[in-house]
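Undergrad: Coordinates only, no sequence provided:
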């Protein structure tokens with residue numbers, strides 16, 4: 001391979017690699033990438049010349065000034081300054097590619113390409129940037145090493161023969177065109193060097209202390225605009241997203257070891273008012289939810305369960321910031337990063353409305369990670385077997401029942417008449433609901449391609465003329481028809497099912513899984529779905545779907561461990577390393593309940609494995625040990641560092657008492673998680689432990705004043721418990 005050809009190829013590869021992310025981001029005009037590629041190819045096939053004429057050089061300069069003015073005017077007219085800057089970088093790179101002749105021109109190309117890579121971090125947060133960065137490191141290493149060799153050869157010959165090489169016995173062109181200077185071994189060796197540089201930069205990224213949220217990228221991913229997920233839903237919207245494979249959220253199920261889990265309803269928004277075309281919320285006011293020390297917020301205590309379904313959910317940024325949960329969610333939790341907890345600008349929060357829907361507050365456009373606790377689907381309550389007359393009497397006494405019995409003005413009388421015929425001689429609420437649901441599922445057809453008669457309202461058109469529609473129409477028909485019989489209903493929007501990702505061990509819920517169904521009040525809200533069974537979209541397993549699943553799993557890891565790598569995750573990496581070392585060298589406490597740490601422990605260990613592989617074992621071990629020692633030192637001195645904090649001392653005494661009794665607190669457990677672990681192991685004195693944690697949380701994190709009398713009572717109770725445990729073990733306290 002000729003040296004000059006290899007250097008030229010490496011330069012062009014470096015330049016093209018630097019443009020990958022900005023082209024893949026979709027932020028540029030559609031024709032811009034193709035125009036740049038065509039012009040780049042033309043500059044490559046153009047033979048090298050000593051340099052353009054003075055006239056041509058002036059024309060290039062004037063053109064560059066014109067482009068600068070044009071882009072500047074665009075900024076003043078409201079165009080994004082960053083995108084205009086990217087266009088300017090691309091133009092300057094083309095100008096250098098068409099006028100390359102000296103080392104200075106090549107050096108300017110390298111600088112411009114690096115600036116474009118930096119700009120890419122702000123326009124592309126996807127996995128494509130990771131691929132671009134790796135390729136750029138390899139090709140950049142080639143180009144810079146070859147550029148250095150080329151410049152050294154030129155300068156050495158100039159020093160030997162003077163300011164010009166013309167007429168000298170050894171011409172520089174012969175050397176630069178030599179096939180003996182570089183070969184395959186040179187490229188392999190420099191690639192190895194580039195990969196070492198990449199590994200080193202990864203180690204710096206993993207272990208360099210995070211600041212604030214630690215966002216490596218300034219780009220905020222644009223929220224996914226989902227039809228149907230807002231406080232206002234017009235019939236017909238869900239049909240427009242049924243073929244959209246965009247992943248909306250990824251759900252990990254801690255403890256799930258089998259294959260694909262059964263399909264679930266992912267509940268999101270509840271709407272109660274229907275005006276004939278649109279569902280809305282009649283009570284849109286929201287209020288903030290308070291969270292306990294562990295970060296958990298219980299918004300439906302009536303649904304609380306001792307054996308909930310735990311879901312670790314990674315929700316993509318959406319225009320409508322609503323949280324989803326499986327079946328009947330009753331609580332959510334998430335953890336602020338250490339510094340974000342003290343910063344109002346980055347504080348996360350939760351809001352709930354009258355329907356029990358939970359919305360989240362977040363100042364940036366990144367994925368929202370949280371844990372949802374849900375109940376498994378329950379059988380209808382006893383009220384399900386009430387007679388229709390008794391049910392209507394009970395509903396008449398329910399406050400606010402009129403909200404869920406509201407009917408649109410001008411509703412066609414045929415709707416109530418049809419419902420009465422279908423209900424027939426049903427004697428109970430359950431029979432009436434089932435007859436209407438079965439009638440819709442059996443006699444009407446599911447379809448995404450709809451014809452509409454604009455002279456009729458959507459529901460009447462669906463029931464009496466078209467007789468075909470998608471889930472929104474079935475849900476609306478069931479809700480309205482039951483309301484005509486005095487049965488309370490509401491419309492629910494969310495997702496149904498999802499694709500199981502074997503590579504990432506999670507459920508990928510896509511836009512195409514959007515679904516609407518009905519909830520019926522029978523002492524509690526009961527899910528009823530009139531959409532014909534089996535009509536949801538099912539993806540066939542092909543080579544493409546397998547690749548898509550693998551790339552989505554890789555994309556999830558990219559977001560979790562690179563884009564959104566913050567102080568919390570960094571501490572989790574260190575803590576996971578410490579846990580691994582303790583298991584290898586210090587033994588493992590088999591009594592520690594792994595389930596109490598939930599999805600966060602699993603996530604941290606996964607992140608540790610990937611980061612440790614990239615960064616190298618030695619650095620991981622050293623920093624992990626240091627982090628563990630520092631954490632233990634903080635734990636030992638936390639109570640003493642705050643003079644007069646008596647309740648913290650009581651909490652420490654409680655932890656020590658249970659540790660001596662064989663119930664140690666895990667290093668990464670919060671106070672609430674410790675109490676749950678004690679309950680799971682059947683430890684004695686649970687009421688006392690809960691009281692200690694409640695007082696500790698209220699004073700330490702809730703701003704409550706210290707209560708000396710309560711502290712004395714807790715100390716006395718701990719002393720009694722200590723004597724009881726000692727007597728149980730047959731020893732003196």
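TA: That came in fine, so what should we check first? Quick caveat, the model's predicted, so the values are computed rather than measured. Numbering: from 1, shown residues only.
Undergrad: So which helix or strand of the chain has the lowest pLDDT on average?
TA: Sorted by mean pLDDT, DSSP states H and E, the helices and strands of the chain end with helix 598-615, the least confident at a mean of 43.
Undergrad: got a list of contacts for stretch 390-400?
TA: The contact list for stretch 390-400, computed with CB atoms under 8 Å, 6 or more residues apart in numbering, reads 383, 386, 401, 405, 429, 486, 487, 488, 521, 522. For the C-beta atoms, the positions are set from N, CA and C on the backbone; glycine is no exception.
Undergrad: mind listing what's buried in it?
TA: By neighbour count with 16 or more other CB atoms under 10 Å, stretch 390-400 contains the buried residues 391, 392, 394, 395.
Undergrad: Likewise for stretch 654-663?
TA: So, applying 16+ other CB under 10 Å, buried residues of stretch 654-663: 654, 655, 657, 658, 661, 663.
Undergrad: Do me a favour and average the pLDDT over it.
TA: Averaging pLDDT along stretch 654-663 gives 85.
Undergrad: From the chain's centre, how far out is that stretch? Work that out for me.
TA: Relative to its chain's centre, stretch 654-663 lies at 38 Å (CA atoms, centre = their mean, to the nearest Å).
Undergrad: residues making contact with it?
TA: 591, 664-665, 674, 677-678, 681, 683-684, 688-689, 692, 718, 721-722, 725.
Undergrad: out of these, which one sits closest to residue 474?
TA: residue 677 (44.9 Å; CB to CB).
Undergrad: what about that closest one, how many residues close to it?
TA: Using other CB atoms under 10 Å, residue 677 has 23 neighbouring residues.
Undergrad: Buried residues of the one helix or strand it maps to, list them for me.
TA: Using DSSP states H and E, residue 677 sits in helix 671-681. By neighbour count on 16+ other CB under 10 Å, the buried set for helix 671-681 is 671, 672, 673, 674, 675, 676, 677, 678.
Undergrad: can you check stretch 351-363 too?
TA: 351, 352, 353, 354, 355, 356, 357, 358, 359, 360.
Undergrad: would you list these in JSON lines and tack on pLDDT, distance to residue 190 and secondary structure?
TA: Formatted as JSON lines, the buried residues of stretch 351-363 follow (pLDDT from 0 to 100; distance: CB to CB, whole Å; DSSP: H, G, I helix; E, B strand; the rest coil):
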{"residue": "351", "pLDDT": "88", "distance to residue 190": "55", "secondary structure": "strand"}
{"residue": "352", "pLDDT": "90", "distance to residue 190": "58", "secondary structure": "strand"}
{"residue": "353", "pLDDT": "90", "distance to residue 190": "60", "secondary structure": "strand"}
{"residue": "354", "pLDDT": "88", "distance to residue 190": "65", "secondary structure": "coil"}
{"residue": "355", "pLDDT": "89", "distance to residue 190": "62", "secondary structure": "coil"}
{"residue": "356", "pLDDT": "88", "distance to residue 190": "60", "secondary structure": "coil"}
{"residue": "357", "pLDDT": "91", "distance to residue 190": "56", "secondary structure": "coil"}
{"residue": "358", "pLDDT": "91", "distance to residue 190": "53", "secondary structure": "strand"}
{"residue": "359", "pLDDT": "89", "distance to residue 190": "52", "secondary structure": "strand"}
{"residue": "360", "pLDDT": "85", "distance to residue 190": "48", "secondary structure": "strand"}
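Undergrad: Let me know the closest of the buried residues of stretch 654-663 to residue 45.
TA: Closest to residue 45 out of these is residue 655 (73.3 Å), distances taken as CB to CB.
Undergrad: Could you give the number of residues near residue 135?
TA: Around residue 135 there are 17 residues (other CB under 10 Å).
Undergrad: and what of residue 727?
TA: Neighbour count for residue 727, taken as other CB under 10 Å: 11.
Undergrad: Quick check: which element contains it?
TA: Using DSSP H and E, residue 727 falls in helix 708-728.
Undergrad: Not counting its neighbours along the chain, what's nearest residue 651?
TA: residue 696 (4.2 Å; CB to CB, 6 or more residues apart in numbering).
Undergrad: Please apply the same query to residue 688.
TA: In space, residue 688 is closest to residue 717, 5.2 Å off (CB to CB, 6+ apart).
Undergrad: Regarding stretch 385-405, how distant is the last residue from the first?
TA: 20 Å (CA to CA, to the nearest Å).
Undergrad: got any ranges where the stretch 501-650 of the chain has weak pLDDT?
TA: Flagging of the stretch 501-650 of the chain using pLDDT under 70 yields the residue ranges 534-541, 563-573, 586-645.
Undergrad: per-residue confidence at the residue nearest to residue 651?
TA: 81.
Undergrad: quick one: secondary structure of it?
TA: helix (DSSP: H, G, I helix; E, B strand; the rest coil).
Undergrad: doesn't residue 671 make contact with it?
TA: Yes: here residue 696 reaches residue 671: they are 6.1 Å apart, a contact under CB atoms under 8 Å.
Undergrad: anything in contact with each of those two?
TA: Contacts common to residue 696 and residue 671, judged by CB under 8 Å, 6+ apart, are residue 651.
Undergrad: about what we covered before: around the residue nearest to residue 688, count how many other residues there are.
TA: 17.
Undergrad: Many thanks, I have nothing further to ask.
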